[in-house]
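Asker: curious how this folds, go ahead:
(2 chains)
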There are 2 protein chains.
Amino acid sequence: MSAKIRAGIYGYGNIGKSVEKAIMRSNDITAEAVFTRRDPGKIRTLSGTKVIGADKVSEFKDKIDVMLLCGGSATDLPVQGPELVKEFNIVDSYDTHAKIPDYMKKIDSEARQNKKAAIISAGWDPGLFSIMRSLFMSVLPEGENNTFWGPGVSQGHSDALRRVEGVSDAIQYTVPSEKIFNDVKNRSQATFTMKQKLKRICYVVAEKNADKEKIKKTVKQMPNYFADYETDVIFISSEEMKKEHSMMNHAGNMFRNGSTDKNEEHQMEFRIKIDSNPGFTASIMVAYARAAFRLFNEKNYGAKTVLDVPVSYLSAMEREQQIKELL
Amino acid sequence: MSAKIRAGIYGYGNIGKSVEKAIMRSNDITAEAVFTRRDPGKIRTLSGTKVIGADKVSEFKDKIDVMLLCGGSATDLPVQGPELVKEFNIVDSYDTHAKIPDYMKKIDSEARQNKKAAIISAGWDPGLFSIMRSLFMSVLPEGENNTFWGPGVSQGHSDALRRVEGVSDAIQYTVPSEKIFNDVKNRSQATFTMKQKLKRICYVVAEKNADKEKIKKTVKQMPNYFADYETDVIFISSEEMKKEHSMMNHAGNMFRNGSTDKNEEHQMEFRIKIDSNPGFTASIMVAYARAAFRLFNEKNYGAKTVLDVPVSYLSAMEREQQIKELL
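Answerer: Here you go, the predicted model:
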């Protein structure tokens, strides 16, 4: 048996904790340390993984095979990604779709200069759904892709809401349009915009004396996150938030309807239904940590996405066993 | 623009014709020639692709970038694959699951010796479903995979039936067990055998004076294809065959139900519903032809499977465009 992959967990919120759990459940990866910008003395990890101040991360340069970046996409990752990849192989779930090419370019340049392997945007969307969009489109070139998110909570969008001035807590539900979902399920090859396909419902707890109209306006105009969507902002009390909105389940569907001849229509669908968005995202990140370390060992440096990595790289199984048992 | 990929089509049955159609619909691949063991003068291709006798295939050694092998898995491919890969990059949809490791070893050895790239078993199962089994298992290690085939016609199994002595025509329907399908859909993490999950129904036209009992016995005992399944053999007339069994539609579902914590259950599903089994399989093979040629250009020789190839390799789109538009 080869040695276990030594993972670092950078950030210890919902995703960080779930990454630790996923590592506890895997046989070939071990959690070396959690890194935090908070007071390390005040954090107790689930499995007793040691907690280190973020300022000391460089000391672990040779003790960690892959660093899993568990911060948010809005403000954490754009700073942490390009910095950490100078010293570590990294995996993240950066999810601001519109900014991915820019983010990748930055990570790629640092990763190549420093001979590190990075896999970015390795969550479920971007991530698993991206694989499906690309694969489905290639195997059925004439047709249309349609992705539906929800019903469920989006962590990225909830985080973005919480950063708005005057907001003390918030949660965002993504809900698909039933009519358009059924059109697509019934093999429509039409294209629908995200605005037609889904609605964003934001439940917001405002700080005392906050300007609610200003919050509403800021949210509705927030680029990438809300500006392009039908967005409802509903103010609730913190009691109601705790009572009614503690679930983290989610769902999503991705369809491709296409043709190979005039009487040959085909449909492919990828669907997920998940109880915990951070639990599922973390589990995906851990699989890609395995792939990132493998790329590093092959001296295949730079920034990669889920589109660039063969699925066999994510598995703890030997390739020959996979071919025998899974093909 | 770079030059088009020059494809060869080896075998001109259902799959071969569909491969030609898929190539006609793609902008970056062109059909150079169809190769046949029949009399080339008697074959007219759909798009006017020239038809060459299989014995003259070596003359096209430098004129074809990728050869798409369109013969059957039972007797054609085990002979043709290892032979053709000596002179050509190849793609096939070899689908005898149990014999894949052996077949791959033979192809791999010839491909490496002759510096060629091969992608084997690139259909929908093995193929797309294999990608899902591996990917789903890696991102959700605690759980169970369950694949359901049908309701639909299996070409491979129909071909196998037609090769039985005394059979003049035959078709095989794969039908999932409704009860077990619903258990899995409702997130059961139990394991079910293929025998529990599906049934094979064979409609057979016997030759005049054929021994029907012997045919039935031969079919039911056929290893890999029927021996491990609940199999019904029903004899019908050739008129009934033509009238009732000319459809080639199919369907399939692959589920993974798994957990990341005690109250965190997740479900992933991949589903297809296709009007034409050969049309869909051929369309997949053409996407992998693109990947095979790319592997060859990277000097990445040997036999690969769909588990070994990044999805971005299947696309006619540039990687950067894919990352921007699909991730």
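
Asker: let me see the mean pLDDT of stretch A:273-286.
Answerer: Stretch A:273-286 shows a mean pLDDT of 95.

Asker: okay, buried residues for the worst-scoring helix or strand of chain A on mean pLDDT please.
Answerer: When the helices and strands of chain A are scored by mean pLDDT, DSSP states H and E, helix A:194-197 comes last with a mean of 85. Buried residues in helix A:194-197, counted by 16 or more other C-beta atoms under 10 Å in any protein chain shown: A:K197. Placement of C-beta: from N, CA and C, glycine included.

Asker: and the contacts of that helix?
Answerer: Contact with helix A:194-197 is made by A:N146, A:T147, A:F148, A:P176, A:S177, A:I180, A:F181, A:D228, A:Y229, A:E230, as judged by C-beta atoms under 8 Å, 6 or more residues apart in numbering or on different chains.

Asker: give me every residue that touches the nearest residue to the last one once chain neighbours are set aside.
Answerer: So the one you mean is A:E230. Nearest non-adjacent residue to A:E230, counting by C-beta to C-beta, 6 or more residues apart in numbering or on different chains: A:K199, 4.8 Å away. Going by C-beta under 8 Å, 6+ apart, A:K199 touches A:T174, A:V175, A:S177, A:Y229, A:E230, A:T231, A:D232.

Asker: can I get the buried part of these as one ChimeraX selection?
Answerer: Buried subset of the contacts of A:K199, written as a ChimeraX selection, criterion 16+ other C-beta under 10 Å:
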select /A:174,175,177,229,231,232
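
Asker: return the member of the contacts of A:K199 nearest to B:D76.
Answerer: A:S177 (48.1 Å; C-beta to C-beta).

Asker: so how far is A:D228 from the residue nearest to that closest one when sequence neighbours are not counted?
Answerer: Of all residues not flanking A:S177 in the chain, A:K197 sits nearest, at 5.7 Å (C-beta to C-beta, 6+ apart). To A:D228, A:K197 is 11 Å away according to C-beta to C-beta, to the nearest Å.

Asker: ditto for A:E269
Answerer: Distance, A:E269 to A:D228, by C-beta to C-beta: 25 Å.

Asker: more crowded one of those two?
Answerer: Per other C-beta atoms under 10 Å in any protein chain shown, whichever of A:E269 and A:D228 has more neighbours is A:E269, with 20 against 14.

Asker: got the phi and psi for the more buried one?
Answerer: Torsion angles at A:E269 (phi, psi; degrees, to the nearest 10) stand at phi -140, psi 140.

Asker: what about the strands in chain A?
Answerer: Using DSSP state E, the strands of chain A run over A:5-10, A:29-36, A:51-53, A:66-69, A:90-91, A:117-119, A:143-149, A:152-153, A:167-176, A:198-206, A:230-235, A:250-261, A:264-274, A:302-304.

Asker: check those strands for me: which has the lowest mean pLDDT.
Answerer: Sorting the strands of chain A by mean pLDDT places strand A:152-153 lowest, at a mean of 88.

Asker: quick one: residues contacting A:A98.
Answerer: Contacts for A:A98 (C-beta under 8 Å, 6+ apart) come out as A:N224.

Asker: for A:V164, what are its contacts?
Answerer: A:V164 sits next to A:A170, A:I215, A:T218, A:V219, A:M222 when contact means C-beta under 8 Å, 6+ apart.

Asker: what sits against the last one?
Answerer: So the one you mean is A:M222. Here A:M222 is in contact with A:A160, A:V164 (C-beta under 8 Å, 6+ apart).

Asker: and the first one, by the same measure?
Answerer: With contact set as C-beta under 8 Å, 6+ apart, A:A170 has these partners: A:S158, A:L161, A:R162, A:V164, A:C202, A:Y203, A:V204, A:V205.

Asker: give me the neighbour count for the nearest residue to A:A122 once chain neighbours are set aside.
Answerer: Distance criterion C-beta to C-beta, 6+ apart; nearest residue to A:A122, sequence neighbours excluded, is A:Y288 at 4.0 Å. A count of neighbours around A:Y288, defined by other C-beta under 10 Å, yields 29.

Asker: list the residues that contact A:Y288.
Answerer: Residues near A:Y288 by C-beta under 8 Å, 6+ apart: A:V91, A:I119, A:A122, A:V306, A:V309, A:L314.

Asker: in stretch A:312-327, what counts as buried?
Answerer: Neighbour-count burial for stretch A:312-327, counted by 16+ other C-beta under 10 Å, picks out A:S312, A:Y313, A:L314, A:S315, A:A316, A:M317, A:Q322, A:I323, A:L326, A:L327.
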